[in-house]
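Visitor: take a look and give me a structure for this.
(one chain, ligands or ions: 2)
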Amino acid sequence: MSPRDLGDDPLPPEIVRSLLCSVCGDPVGVTDRTVRCGRGHSFDVAKQGYVNLLHARIPAGTADTATMVAARVDLLASGAYLPLAEALAKVASEHIESGLIIDAGAGTGYYLAHVLDAVPAAYGLALDVSAVALRRAARAHARAGAAVWNLWEPWPVADSSASLILNVFAPRNAEQFHRVLTADGVLVVATPNPGHLQELGDLVISVDDGKDARLEEALGDRFGRVDRREVTQRVTLSPAQLRQVVEMGPSAHHLHRDGRRERLDAITEPVDVTTSFSVTLYRPVP
Ligand SMILES: C[S@@+](CC[C@H](N)C(=O)[O-])C[C@H]1O[C@@H](n2cnc3c(N)ncnc32)[C@H](O)[C@@H]1O
Ligand SMILES: [Zn+2]
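Guide: Ligands and ions are numbered 1, 2, ... in the order given. This next block holds a predicted model:
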């Protein structure tokens with residue numbers, strides 16, 4: 001994987017071409033590490049390499065915190081979720097050869113970087129509301145750029161500009177997915193299965209069985225499912241990795257309940273767990 005050198009253009013030009021001003025919707029260009037449109041709206045590129053296109057406050061608690069991001073960086077670096085990254089990379093390389101990949105809710109850009117490695121002529125845009133996570137995503141790959149954005153608002157991205165949208169454990173805005181994907185584009189969604197981390201009981205928020213139906217419902221009649229693959233592995237997690245797994249996601253907000261923090265801290269031996277994900281492919285319905 002070739003990380004991005006921030007001495008380069010702050011955002012690859014192939015990505016800037018697809019970005020729109022988030023105030024007026026006009027195309028943008030980059031000069032002096034500033035993204036601006038012809039009407040003079042401008043957005044700074046942070047020294048860490050991401051651009052903040054937000055101009056409205058986002059609800060508190062929406063973005064991943066620095067603690068969650070740090071836990072996710074460590075857990076992902078250990079390779080515990082590598083099989084999922086490899087499955088996503090394989091699916092992407094089977095379906096596209098080039099174009100723009102948008103990772104909606106990209107976090108640190110870990111999965112996007114793997115996918116870009118598998119599709120050498122593609123570029124990647126990481127969208128996420130967490131600036132802390134995007135500091136990582138901006139450096140995750142030489143062909144990636146990162147922008148702070150709230151996925152529930154209309155995206156500052158041109159119509160029919162993406163050949164693939166990646167969505168890994170993140171919010172799904174079906175209307176925007178459909179608008180920005182090309183007619184022959186593909187949406188790749190990763191979700192945890194009901195058996196995921198089942199050995200950890202209530203230390204992780206359980207995945208309910210209705211999630212599948214809700215996913216399809218959220219995508220409505222805009223997308224049709226064309227393929228689904230399951231990625232299930234047994235992995236041994238060290239006590240430190242167990243803490244990272246819990247602290248990197250929404251379960252972190254529930255650790256104060258029912259003695260969970262104490263039970264997690266009491267684990268001193270490695271634990272074998274099941275990781276289980278679904279990778280589902282959708283095509284836009286015309
Ligand atoms: C569980 S994390 C997954 C991150 C990444 N896909 C991964 O698996 O490593 C969910 C991500 O969605 C982002 N997120 C949550 N709500 C969002 C919103 N409304 N707009 C943009 N990003 C959002 C969070 O900041 C976080 O990075
Ligand atoms: Zn503008």
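Visitor: what sits closest to the most centrally placed residue in the chain if chain neighbours are left out?
Guide: By CA atoms, centre = their mean, the chain has its centre lying nearest to residue 106, at 2.2 Å. Spatial nearest neighbour of residue 106, excluding adjacent residues (CB to CB, 6 or more residues apart in numbering): residue 126 at 3.5 Å. Backbone N, C-alpha and C define where each C-beta goes, glycine included.
Visitor: and that neighbour, what is it in contact with?
Guide: 50, 103, 106, 109, 112, 134, 137-138, 140, 144-147 (CB atoms under 8 Å, 6 or more residues apart in numbering).
Visitor: surely the residue nearest to the centre of the chain forms part of a helix?
Guide: No: Residue 106 is assigned coil when assessed by DSSP: H, G, I helix; E, B strand; the rest coil, not a helix.
Visitor: before we move on, back to that, tell me the strands beside the helix or strand where the residue nearest to residue 106 lies, with direction?
Guide: Take DSSP states H and E as the rule and residue 126 turns out to sit in strand 121-128. Paired neighbours of strand 121-128 in the sheet (DSSP bridges): strand 98-104 (parallel), strand 144-148 (parallel).
Visitor: isn't residue 286 up against residue 183?
Guide: Yes: proximity of residue 286 to residue 183 meets the contact threshold set by CB atoms under 8 Å, at 6.6 Å.
Visitor: which stretches of the stretch 101-250 of the chain have low pLDDT?
Guide: Within the stretch 101-250 of the chain, the stretches with pLDDT under 70 are 206-210.
Visitor: all strands of it, in order?
Guide: 121-128, 144-148, 162-168, 181-192, 223-237 (DSSP state E, counting those that start in this stretch).
Visitor: what packs against the third one?
Guide: Yep, that's strand 162-168 we're talking about. In terms of contacts (3 or more CB pairs under 8 Å, 6 or more residues apart in numbering; DSSP states H and E), strand 162-168 is packed against helix 82-95, strand 98-104, helix 110-118, strand 121-128, helix 174-180, strand 181-192.
Visitor: what sits against the spatially closest residue to residue 160 that is not a sequence neighbour?
Guide: Computed as CB to CB, 6+ apart, the closest residue to residue 160 that is not its neighbour in sequence is residue 182, at 4.9 Å. By CB under 8 Å, 6+ apart, residue 182 lies in contact with 99, 160-163.
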